[in-house]
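*Asks:* Structure for the following, please:
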Amino acid sequence: MRPLVVLPPHTDPTLHAAVQDTDIAEPSRQLAASLAAGRGDRPDDTGDPWLAGARHAVSAGDPLLRLRALDVLLAACYRPGDGVRVSLGDLELASGSTESMSDVRAAAGAPAPYDRELAELADRAGDASGICLVIDRDQQLPAALGIASRLPRGTDLHVTGRFAAWHWDRLRAAPELRRSGPPDPAGPGWAVSPEWSPSGTAVAWRERAADPVPAGSWAGRISLRDMTRLDQPGVAAALERAVTVILGVCGLAAGRFIGRGGTRVPADVLSRSVQRLRDTGVQPLAEVWMGAPGVTAAQLRDCVTALGASLRIAGFRIFDWPVSWRDPRWAGQAVTLRGREHDLSRRHEICSPATPDAETREALLSEVATPLHLRRDLVPARVAGAYLWRPRASAGRTGLMLDEDAVVIPHPGGGSRIAALSFRTGAAVVMPARLLTVLGGRPGCGPCLIAPDQGNGADRAVDQLLARGILRRSP
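*Replies:* Now for the predicted structure:
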């Protein structure tokens, strides 16, 4: 008998735990695989073109399109009465917050999209010498409690993971977890699974810039401070093994970029460091953290413009102050924090310097992110595997193309109609099937050449599809 490491939903389906001499149970990846294989119990086949298109794209599309399609299928798994809603990159409670123990316990006792996977896991648990339950994120808590409650009496249970260690004083009061001792905060290492890696081999993943650099080939987040230390042998050697690195940036003020952790780096220094990484074969990307204390809208716009001139911005995130941060200073200024809102809070609310309200922040996000989203620069749901892929080129083909994140399928409602869908922009157009013909590539998935019918309204249809981002012209 061997121990069983359990990764409760919801976890990143493009990652697997890098552990040895043990068995692993990954219900999130199992659920994603079953949906991709056409699992019939969820979601219902209602004739919805989005579900029909997602079922096609999740197996036939390129990696980024497959991830966007999987997001649609996961969201469609929700049923009235479920305690949680899942998507590609998140899990939310149907009522309440994953940072509230009482809300989590209520959700854990309700039905969930992954119940079948948890039932199969309970059957495996009886054959293991012990169970190691990994809780790295608050989104895993409803399933973690559900798993623990299903374990056979007398099972040797051990909890590990960053979030569990931060909040063990509260979590250990849950009856489902009382049998476990104090958790190891380190948890397992992670790697992008071969099926989501461009090289076809696993790539170690560094989730946070403060985490240890993994051994061997790796990808993940680095700090702006690291970018100023490329001449140091240890830093240089670590980055030479990197495939993709992601910089967290919050703004540009007085000619200096402000990093996620408050480090300020001159723009010219960062530009040279980015080029050095690119020259060694590393793909440098950026994530912009919006709403950092004291960063104005103008400084954020300047940041996006300047960053975009030298590297690809792959995502936008909302700035928060993790409960693990102890220094009450950031970017050279004192920060005042309010106490935790919930008993399992993962962040403190920032009182001063002022941060934008939600409405202002959303308007600014729409302004700066929409052009990048339309260009396919932004990765879907911030899952690890998505960062490793570069947006596809047209491979020398010219003409009218189906966009990389679009599909054309027979309309599931029947008739001589087709549904043209963009899984990036959310655009959908239904039209007579005679107006468009797919000429190449994966059937019905971009990028591939499209031949419009001559006359009979085809020109108007093409113009509509171009305007909605479903088609594009490749020079």
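*Asks:* going forward, measure contacts between C-alpha atoms and count neighbours the same way
*Replies:* Noted.
*Asks:* doesn't Val243 make contact with Gly281?
*Replies:* Yes: using CA atoms under 8 Å as the test, Gly281 is close enough to Val243 to be in contact (7.5 Å).
*Asks:* Counting neighbours, go ahead and name the busier of those two.
*Replies:* The neighbour count for Gly281 versus Val243, taken as other CA atoms under 10 Å, is higher for Val243 (19 against 14).
*Asks:* Tell me where the model's unsure across the chain.
*Replies:* Within the chain, the segments meeting pLDDT under 70 span 39-46, 392-398, 438-443, 446, 449, 452-457, 475.
*Asks:* care to break it down by domain?
*Replies:* 4-42+77-177, 191-388, 399-474 (automatic domain parsing).
*Asks:* and these as JSON lines, adding distance to Gly53?
*Replies:* Listed next are the domains of the chain as JSON lines, based on distance: least, CA to CA, whole Å:
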{"stretch": "domain 4-42+77-177", "distance to Gly53": "12"}
{"stretch": "domain 191-388", "distance to Gly53": "17"}
{"stretch": "domain 399-474", "distance to Gly53": "7"}
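*Asks:* Of all those domains, which one is nearest Ala57?
*Replies:* domain 399-474 (6.7 Å; CA to CA).
*Asks:* what about that closest one, start to end distance?
*Replies:* With CA to CA, to the nearest Å as the measure, domain 399-474 spans 5 Å from end to end.
*Asks:* just stretch 238-245 next, same as before
*Replies:* In terms of CA to CA, the two terminal residues of stretch 238-245 are separated by 11 Å.
*Asks:* who does the biggest strand by length in the chain touch, helix- and strand-wise?
*Replies:* If you go by DSSP state E, the chain has its longest strand at strand 242-253. Using 3 or more CA pairs under 8 Å, 6 or more residues apart in numbering; DSSP states H and E, the elements in contact with strand 242-253 are strand 218-222, helix 224-227, strand 256-259, strand 283-290, helix 297-308, helix 384-388.
*Asks:* Quick one: these as TSV, columns for distance to Pro8 too.
*Replies:* Shown next, in TSV, are the helices and strands packed on strand 242-253 (distance: least, CA to CA, whole Å):
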stretch	distance to Pro8
strand 218-222	22
helix 224-227	32
strand 256-259	32
strand 283-290	27
helix 297-308	36
helix 384-388	17
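*Asks:* Could you dump these into JSON lines with mean neighbour count added?
*Replies:* Output for the helices and strands packed on strand 242-253, formatted as JSON lines (neighbours: other CA atoms under 10 Å):
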{"stretch": "strand 218-222", "mean neighbour count": "24"}
{"stretch": "helix 224-227", "mean neighbour count": "20"}
{"stretch": "strand 256-259", "mean neighbour count": "24"}
{"stretch": "strand 283-290", "mean neighbour count": "23"}
{"stretch": "helix 297-308", "mean neighbour count": "18"}
{"stretch": "helix 384-388", "mean neighbour count": "24"}
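*Asks:* Find the helix or strand that Pro144 is a member of.
*Replies:* Careful, residue 144 is Ala and not Pro. Element membership for Ala144, per DSSP states H and E: helix 141-150.
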